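Chemist: fold the following for me, if possible:
(chains A and B)
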Number of protein chains: 2
Amino acid sequence: MAERLVVIGGDAAGMSAASQARRLKGPGELAITAFERGHFTSYSACGIPYWVGGTVDGPAALIARTPEEHRARAIDLRMRTEVTELDLERGRVRALDDGGRESWTEFDKLVLATGARPLRPPLPGIEARGVHGVQTLDDGRALIDTLAASPGRRAVVIGAGYIGVEMAEALIHHGYAVTVLDRGEQPMSTLDPDMGARVHEAMCGLGIETVRRAVVTAVLTDDEGRARAVATEDAEYPADVVVLGMGVRPETALAEAAGLPLGPSGGLLTDLSMRVRGRENVWAGGDCVEVLDLISGHTRHLALGTHANKHGQVIGANVAGGYATFPGVVGTAVSKVCDLEIARTGLLEHQARAEGLEFVTVTIESTNHAGYYPGARPMHVKMLAERRTGRLLGVQIVGREGAGKRVDIAAVALTAGMTVEQMTMLDLGYAPPFSPVWDPVLVAARKATAAVRAAGM
Amino acid sequence: MAERLVVIGGDAAGMSAASQARRLKGPGELAITAFERGHFTSYSACGIPYWVGGTVDGPAALIARTPEEHRARAIDLRMRTEVTELDLERGRVRALDDGGRESWTEFDKLVLATGARPLRPPLPGIEARGVHGVQTLDDGRALIDTLAASPGRRAVVIGAGYIGVEMAEALIHHGYAVTVLDRGEQPMSTLDPDMGARVHEAMCGLGIETVRRAVVTAVLTDDEGRARAVATEDAEYPADVVVLGMGVRPETALAEAAGLPLGPSGGLLTDLSMRVRGRENVWAGGDCVEVLDLISGHTRHLALGTHANKHGQVIGANVAGGYATFPGVVGTAVSKVCDLEIARTGLLEHQARAEGLEFVTVTIESTNHAGYYPGARPMHVKMLAERRTGRLLGVQIVGREGAGKRVDIAAVALTAGMTVEQMTMLDLGYAPPFSPVWDPVLVAARKATAAVRAAGM
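Modeler: Purely as a prediction, here's the structure:
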């Protein structure tokens, strides 16, 4: 009899795992059943802001593989069906379909890929109509429907992280007046405040009103229970639509109820093969797990499609009897506001301090390509290096075209454990349309090397 | 008395060395004399094609630091003055200025940064008027003067390497009909032929006529000794101007006459501190030296401004009593034809074979950013990995906007000695405007990993 694999969650991690397992084992060896509670599979949630903003036609374009395509590869995919209980003892899951029918499905091996949900602080009105998270394509569809039916053109975005900032720009493109309310000193708390200030400038340039140090107290509703404004401790901001951009939490209620181990951020804890700690036959990946941060040595919750896809590959190989591991992350992220490119990898200052690290920081201004080549634009690189050892700890970049993906240089150097002095001699691609003769990352590495020396032993 | 430093060559390596030494030691400790036979110092020779093509105003924009700026930092800079002899025994150099005056200058420490000269095969007519190399700003100026005085608008470029291809495009912009004559199967022999074929297509698209397998036999001249055509074994190509793009040779006649050690490509041989082998007080850097190729373990001649600048920094630190080393190169280069971005790092197939390496190669097609994001364009990545170990050996990339600088990911991975399997899990920057969820370099690494496994032990 074929081994029975059950996958919970039909997006990147779950369906990558299923597909990879199917590639390695045919239906005679492995029967695969996958459950997805929404309408879509294998989609790019990261593309939702571009769909909402009209840059991309959705949702079809955002779907890498449809339910039909998965089924054609002998995956028994149950759409609009939510798993409501894990019975690990007896090796079965209970599921409820959209017709209200309940059923139990048995498994030999289980993959949890239940994803994440947008943070919704327990405030009055937070569940009102017109308040939207943007985590799934179903969320994106709901938001677009609200925008279409919206009586006015005022939007409030709560939170100025990647999603908040990207959604703010999308709503501007949609013709909305947008106010972003954020608790922090500067938007984009994934950067140090000095670098976040550059993002703030760019947001102002787009006409986005950004309110910093804003403590939201309630979503105010009209007589029909629809959001009409967002209240902070200091003011009220009228809103025809409210978008939540305060980040996400791992969706692990099922796992928790089944007694599976969760980390400090509420994500599932796995070993390097993505097997849930302490379980022989349960794997987990994607936005519902915590990942090992290779620089701090701790686990973190980092919901990113690129990690989810890697997890899926690794899990698929392992459940099919192959071998693969996910070594961890260095914390790379890249984003865009208008033509401003924003990237980071490694640790921020406050993160490094929290790990007990002593370090130097430098920031340099250079240009994306040779200063004399048309279209040269300023770019800023901030670099953190450990005191004494000079080991690279983190890089943040804010600039224009060609700036953002330079963070990959630092991501690989971090993975390899390089010092900033070693980095100064990296053989990077140089030609005037691509880079100054000293790439900005090398300029930062030179300055960081000098700072490490100056800081002494 | 101050120590006496003499620098021969006023471009990147020489003047970076002088500047860095001056930064570390004042004029009271170190007297610096520098000789430059041309009209310019510290310039970007890589910018010449863009100057000729009118993309960049020249020559001022291409100059990072003028003679006056160097002199203001207490560097005794002798322009239009050619060093004609090294007397290492007595620690002095003989120089001839443009007024025909000869003088000897004594040194305690010597830096050789004599650069390179374009290859001129000993063919009839190769020294004719209208035949131009493009190695120095003086060369660029001479070419622009020829173009201005040119009776017609037909150009022949001999050689389809980086400079040849960039010059061909520049001449097209200048309104010339351009024919590129190249010995190889495909243009851009810095790539494997299958990748070079993609460059060939792009050149055709620009209207550049490219003749492959062309063996040039002579430059034909008119009655006034001006180039009028280039003859190959098979045909004659009319030319109002001829540009040499066959690469360069290290300019080491002086060094050779003084008995300094040269490598197989005719470049000076140095240790890791850029000190000439066997000499206590002579350093060399830039286009006149051979550099250690970290992948093959051999020295190579690789004339690139980015290496020259690094050499200058290292030499400047060392002559001033500090400490720095240049570890070597992995062979990274990036270039552009129209909007086609071309990059490589590590070894080509024939280079890997010549080192006795067994390897697998894979080529993948992906897109520069998420396929659904506007402006997604195809990009091709070729990857070489060692058999059995899976160690990355080389990467070649041909694509559009954002493709070229991705070679840096591979350059850092090569430096760190990563395997292609390690690369599959690199934490690279992902967002739809920047990359597909699997960066094309990771896609290539996955395919290479599978190929290494399939090749077996």
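
Chemist: quickly note the distance from the residue nearest the centre of chain A to chain B.
Modeler: Nearest residue to the geometric centre of chain A (CA atoms, centre = their mean): residue A:304, 3.1 Å. Computed as CB to the nearest CB, to the nearest Å, the residue A:304 to chain B distance reads 7 Å. Heads up, the C-betas are built off the backbone N, CA and C, glycines and all.

Chemist: who's in contact with that residue?
Modeler: Under the criterion of CB atoms under 8 Å, 6 or more residues apart in numbering or on different chains, the neighbours of residue A:304 are A:333, B:430.

Chemist: just the pLDDT for it.
Modeler: Confidence at residue A:304, expressed as pLDDT, is 95.

Chemist: what number of residues lie near the residue lying closest to residue A:402 once chain neighbours are set aside?
Modeler: Using CB to CB, 6 or more residues apart in numbering or on different chains and skipping the chain neighbours, the partner closest in space to residue A:402 is residue A:368 (4.2 Å). Look at residue A:368: counted by other CB atoms under 10 Å in any protein chain shown, it has 26 neighbours.

Chemist: ditto for the one 10 residues further on
Modeler: A count of nearby residues for residue A:378, using other CB under 10 Å, gives 15.

Chemist: correct me, but it touches residue A:365?
Modeler: Yes - applying CB atoms under 8 Å as the test, residue A:378 and residue A:365 come out as touching, 5.7 Å apart.

Chemist: any weak-confidence spans in the stretch 351-457 of chain A?
Modeler: Nowhere does the stretch 351-457 of chain A drop to pLDDT under 70.

Chemist: show me where it has helices.
Modeler: A:407-415, A:420-424, A:440-455 (DSSP state H, counting those that start in this stretch).

Chemist: can you tell me which of the ones you listed is most buried?
Modeler: helix A:407-415 (a mean of 28; mean count of other CB atoms under 10 Å in any protein chain shown).

Chemist: is that helix up against chain B anywhere?
Modeler: Yes - for helix A:407-415, a contact with chain B is found by CB under 8 Å from any CB of the partner chain, at A:407, A:408, A:409, A:411, A:412, A:413, A:415.

Chemist: thought residue A:332 was touching the second one, still the case?
Modeler: In other words, residue A:408. Yes - contact between residue A:408 and residue A:332 holds when scored by CB under 8 Å: they sit 7.4 Å apart.

Chemist: what is the neighbour count of residue A:316?
Modeler: Neighbour tally, residue A:316, other CB under 10 Å: 31.

Chemist: what do you get for residue A:103?
Modeler: 12.

Chemist: what's across from the residue nearest to residue A:102 when sequence neighbours are not counted in the sheet?
Modeler: Spatial nearest neighbour of residue A:102, chain neighbours left out: residue A:96 (5.2 Å); criterion: CB to CB, 6+ apart. On the basis of DSSP bridges, residue A:96 is bridged to residue A:82, residue A:102.

Chemist: show the pLDDT at residue A:96.
Modeler: The model's pLDDT for residue A:96 equals 98.

Chemist: repeat for residue A:206
Modeler: 88.

Chemist: test my guess that it contacts residue A:339.
Modeler: No - the criterion here is CB under 8 Å, and residue A:206 misses it with residue A:339 at 10.1 Å.

Chemist: quick one: which of these two has more around it?
Modeler: Neighbour tally, residue A:206 and residue A:339, criterion other CB under 10 Å: the higher count belongs to residue A:206, 16 against 12.

Chemist: one step back: shared neighbours of residue A:408 and residue A:332, anything?
Modeler: Common neighbours of residue A:408 and residue A:332 (CB under 8 Å, 6+ apart) are B:428, B:429.

Chemist: contacts only, for the nearest residue to residue A:351 once chain neighbours are set aside.
Modeler: Among residues not flanking residue A:351 along the chain, residue A:296 sits closest, at 6.8 Å (CB to CB, 6+ apart). The contact partners of residue A:296, by CB under 8 Å, 6+ apart, come to A:347, A:351, A:355.

Chemist: what do you get for residue A:355?
Modeler: Contacts of residue A:355 by CB under 8 Å, 6+ apart are A:296, A:297, A:347.

Chemist: and if you look at residue A:158?
Modeler: A:164, A:180, A:181, A:216, A:230, A:242, A:243, A:244, A:245, A:246.

Chemist: for the last one, give me its contacts.
Modeler: If I follow you right, that is residue A:246. Counted by CB under 8 Å, 6+ apart, residue A:246 has contacts A:118, A:119, A:121, A:158, A:159, A:161, A:164.

Chemist: which of the residues you listed fall within helices?
Modeler: Counted as lying in helices by DSSP state H, out of the contacts of residue A:246, are residue A:164.

Chemist: out of the contacts of residue A:246, which is nearest to residue B:289?
Modeler: residue A:161 (48.8 Å; CB to CB).

Chemist: residue A:247 is in contact with the closest one, correct?
Modeler: Yes - the pair residue A:161 / residue A:247 is scored as a contact, 5.8 Å apart, by CB under 8 Å.

Chemist: who has more neighbours out of the two?
Modeler: Between residue A:161 and residue A:247, residue A:161 has the larger neighbour count (other CB under 10 Å), namely 20 against 17.

Chemist: adding distance to residue A:168, write the helices of the stretch 351-457 of chain A out as CSV.
Modeler: Formatted as CSV, the helices of the stretch 351-457 of chain A follow (distance: least, CB to CB, whole Å):
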stretch, distance to residue A:168
helix A:407-415, 22
helix A:420-424, 34
helix A:440-455, 27
